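1. After the sequence you'll find the predicted model.
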Amino acid sequence: MQDDAQHLKQLNAAEKADNVGLALLKGKSDEAIQGYKINTDPGVKNTVIVYSKRKATAVFVNWTPKETNQLNAAITAAVNN
């Protein structure tokens, strides 16, 4: 919610993440916040949601690169589901 479109484009280019969906939410009043149950507490920096067949299969709040193995495992499970 605190990001801007240009930063998301730069992040996508830097991470070569063309196959990863990045969403920019327009503040706490964005209806997607409630729909996706995004935590809007001030200490939350990011939320990563892994989907399979339109259902969330894993959610990481304040994800960091230290959790890459867990995220990769969640993605593998979603792809093989």
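-> That came through, no problem. Computed from a predicted structure; not experimentally measured.
2. partner residues bridging residue 58?
-> residue 50 (DSSP bridges).
3. My guess is it contacts residue 78. True?
-> Yes: using Cβ atoms under 8 Å, residue 58 and residue 78 qualify as a contacting pair, with a distance of 7.3 Å. Placement of C-beta: from N, CA and C, glycine included.
4. Pull up the overlap in contacts between these two.
-> residue 50 (Cβ atoms under 8 Å, 6 or more residues apart in numbering).
5. Ramachandran angles for residue 41?
-> For residue 41, the backbone dihedrals are phi -60, psi 150 (criterion: degrees, to the nearest 10).
6. nope, residue 56 is what I meant
-> According to degrees, to the nearest 10, residue 56 has phi -70, psi 130.
7. what about it, neighbour count?
-> 12 (other Cβ atoms under 10 Å).
8. before we move on, what about residue 74?
-> Quick note: residue 74 (other Cβ under 10 Å) scores 19 neighbours.
9. Report the contact partners of the residue nearest the centre of the chain.
-> The centroid of the chain falls nearest to residue 48 when counting by Cα atoms, centre = their mean (2.8 Å). Residue 48 makes contact with 59, 60, 63, 71 under the criterion Cβ under 8 Å, 6+ apart.
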